[in-house]
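Peer 1: after the sequence you'll find the predicted model.
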Amino acid sequence: MIYSKIFRLIKKYDKIVLVRHVGPDPDALASTLGLRDSIRLTFPKKEVYAVGAFASNFKYLGHVDKFDESMYDNALMIVLDNPDIKRIDGVDYTKFEKRIKIDHHPFVEEFCDIEWIDDTASSASQMVLELIFNTRLKLNTKIAEKLFAGIVSDTDRFLYSYTTPKTLKLVSRLIEETNLDFRSVYNNLYLRPIKEIRFQGYIANNLTITPNGFAYIKLNDEILKEYNVDSSTAGNMVNNFNYINEIYAWAMFSLDKANNVIKASIRSRGPVINEIASHFNGGGHALASGARLKDFNEVDKLVLELDEACRVYTSFIKETTEE
Ligand code: AMP
């Protein structure tokens, strides 16, 4: 079984480094920090680290360890929530002695000794929970809070279709066994300043919606400054525009000045978008993807492809409902 294979390697190594994708979201952080804390709790003598850039927005999920080169020595790397080499945050994966991948994205490339990929899982945090429940890895309330936050965040409160009976069973057992206070998790995840709501209002009023049902907005530095929000806040807004009658797929394009790229956050409630995102230095899930673009000319090209996907999708729907 995959669980015992992974557990055996965890047991064998005295030094374990957990890594995830760049630009972390709550699931990437929660799955690495949650698994780190579970391994530490089960094996207090091991050196276990969760590394990658610190994300101040999500500091309530716990602290990230600072990486140093000595962490490569005779160490096991576990990469979570990341399907490809180019998006590993902050380490050279080739320098670890052994590697495990635990991921819920569609397969992109093989680079680990053990690859546990389940693209039917709602989140990497769900897979960590499954691993804990099927091995001798331990759980406490603090770990439960992290994993719950990761699952809730990646499913948008159990709204998306990859919320399955398995997700709900695992979460039910998690709540039962740990008595976690999920209202405090919601406070951390959803409490936000009024400026973000005002910014959301700006987006709603200024979205371009094509006749094929594709909606998008280009957010330049001026507008981010006016509302005093950063590009990652702008990207996260994408999740608030689901379930709108006239819109089948939608995207936020925001300038990330520090890295001199335009970040695209794309969502869909029908047309498959990850294949299109992959043409633009991006990827992700069938209905939730991201990309990094050089300039607003590239944005226009991506808009055309996404609009075309909406056209094909809506004509397919028309055909099937008219039959
Ligand atoms: P985001 O819109 O940043 O929340 O990303 C949505 C999904 O797309 C996540 O599963 C990300 O891991 C993935 N993703 C975002 N940006 C990229 C990228 N540049 N390359 C590949 N996958 C990405």
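Peer 2: Arrived safely, thanks for sending.

Peer 1: list the buried ones in stretch 103-110?
Peer 2: Within stretch 103-110, the residues that qualify as buried are 103-105, 108, counting by 16 or more other C-beta atoms under 10 Å. Where you see a C-beta, it was placed from the backbone N, CA and C, and this is true even at glycine.

Peer 1: from these, which land in strands?
Peer 2: In this view, the buried residues of stretch 103-110 that belong to strands under DSSP state E are Asp103.

Peer 1: can you name the two of the buried residues of stretch 103-110 that sit furthest apart?
Peer 2: Of all pairs drawn from the buried residues of stretch 103-110, the one with the longest distance (C-beta to C-beta) is His104 and Val108, at 12.3 Å.

Peer 1: any regions of the chain where pLDDT drops low?
Peer 2: 323 (pLDDT under 70).

Peer 1: the ligand contacts on that one?
Peer 2: Contact residues, the chain versus the ligand (C-beta under 6 Å from any ligand atom): 21, 25, 87, 105, 235, 238, 265, 281-285, 288-292.

Peer 1: just the buried ones from these?
Peer 2: 21, 25, 87, 105, 235, 238, 265, 282-285, 288-292.

Peer 1: from what I see, Gly284 and Glu275 are in contact.
Peer 2: No. Because the distance of 10.2 Å does not satisfy C-beta atoms under 8 Å, Gly284 is recorded as not touching Glu275.

Peer 1: what sits against the closest residue to Glu130 other than its chain neighbours?
Peer 2: Setting aside the residues directly before and after it, Glu130 is nearest to Leu170 in space (C-beta to C-beta, 6 or more residues apart in numbering), at 6.2 Å. The contact partners of Leu170, taken as C-beta atoms under 8 Å, 6 or more residues apart in numbering, are 126, 129-130, 133, 151.

Peer 1: so which of these comes closest to Lys257?
Peer 2: Of these, the one sitting nearest to Lys257 (C-beta to C-beta) turns out to be Ile151, at 32.3 Å.

Peer 1: so what does the one helix or strand the closest one maps to touch, helix or strand wise?
Peer 2: Taking DSSP states H and E as the definition, one finds Ile151 inside helix 141-154. The helices and strands touching helix 141-154, judged by 3 or more C-beta pairs under 8 Å, 6 or more residues apart in numbering; DSSP states H and E, are helix 26-42, helix 124-133, helix 165-178, helix 182-190.

Peer 1: out of those helices, nearest to Ile2?
Peer 2: With respect to Ile2, and counting by C-beta to C-beta, the nearest of the helices and strands packed on helix 141-154 is helix 124-133 at 8.6 Å.

Peer 1: centre of the chain to stretch 66-76, how far?
Peer 2: With C-alpha atoms, centre = their mean, to the nearest Å as the basis, the distance from the averaged C-alpha position of stretch 66-76 to the chain average is 25 Å.

Peer 1: and that stretch, what's buried?
Peer 2: 67, 71-72, 75-76.

Peer 1: CA atoms of that stretch as CSV?
Peer 2: Below are the C-alpha coordinates for stretch 66-76, written out as CSV (Å, rounded to 0.1, in the frame of the first residue of the first chain):
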residue,chain,number,x,y,z
LYS,A,66,14.5,28.8,7.1
PHE,A,67,16.3,26.6,4.6
ASP,A,68,20.0,26.0,4.8
GLU,A,69,22.3,23.8,2.7
SER,A,70,22.9,21.3,5.5
MET,A,71,19.3,20.2,5.1
TYR,A,72,20.3,18.3,1.9
ASP,A,73,22.6,15.9,3.8
ASN,A,74,21.2,12.4,3.9
ALA,A,75,17.7,13.8,3.8
LEU,A,76,14.3,12.8,2.6
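
Peer 1: hmm, who's touching it?
Peer 2: Outside stretch 66-76, the residues that touch it by C-beta under 8 Å, 6+ apart are 9-10, 12-17, 49, 51-52, 90-92, 95-100.

Peer 1: for the protein, just list every one of the helices.
Peer 2: Under the criterion DSSP state H, helices of the chain are mapped to 2-12, 26-42, 124-133, 141-154, 165-178, 182-190, 194-206, 221-226, 231-236, 274-278, 296-322.

Peer 1: quick one on the thing from earlier: among the contacts of stretch 66-76, name the buried ones.
Peer 2: Those of the contacts of stretch 66-76 that meet the buried threshold are 9-10, 13, 15-17, 49, 51-52, 91, 96, 98-100, by 16+ other C-beta under 10 Å.
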